[in-house]
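>>> okay, here's the prediction I keep looking at, along with the sequence it came from:
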Amino acid sequence: MRVSVIWLIIPALAGCDGPRKVPVSNLGPQAAIVLASHLRAGTREEYATPYLEQHGLKAGMKLGDSFGWSQFFPLTAHCSLGLDFRPKAFKTDGEWTDGLLNAAYIQSNLVNIVYINITNAP
């Protein structure tokens, strides 16, 4: 019994290699504002995220539910660019699909410090 418990503990400890590092881009909040201001309200998530990644931002975590979610892009100066998405139609199965861009902002310490106007983008 002890041997089997040890074989269960070893793989668990192997995964404990310290805190995970979040991929931070080399861009600061000012550059992220310029990039995000080129997006339009209603832009599909599958177009917005690759556009930002092509210009140097690295997608971080997503938070939310099937009624709306946020995608964060870590920046320098301990800030992040947040994009809020809403689905075309609410799904009861919990899938986060068909997201349309609703808002963009710069966040620091969980506080929105800059709201980016995306409705009148070129």
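Yes, it's here. Predicted model, so just to flag it, every value in this text is computed and none were measured. Numbering: from 1, shown residues only.

>>> residues contacting residue 67?
Neighbouring residues of residue 67 by Cβ atoms under 8 Å, 6 or more residues apart in numbering: 86-87, 90. The C-beta positions use only the backbone N, C-alpha and C, and glycine is treated the same way.

>>> now, of those residues, which are buried?
Neighbour counting over these (16 or more other Cβ atoms under 10 Å) leaves 86-87 as the buried ones.

>>> can you verify residue 73 is assigned to a strand?
Yes - assessed with DSSP: H, G, I helix; E, B strand; the rest coil, residue 73 lies in a strand.

>>> buried sites along stretch 40-48?
43, 45, 48.

>>> these two touch, right, the last one and residue 103?
No - the pair formed by residue 48 and residue 103 falls short of the contact definition of Cβ atoms under 8 Å, at 11.7 Å.

>>> give the intersection of the neighbour lists for the two.
residue 83.
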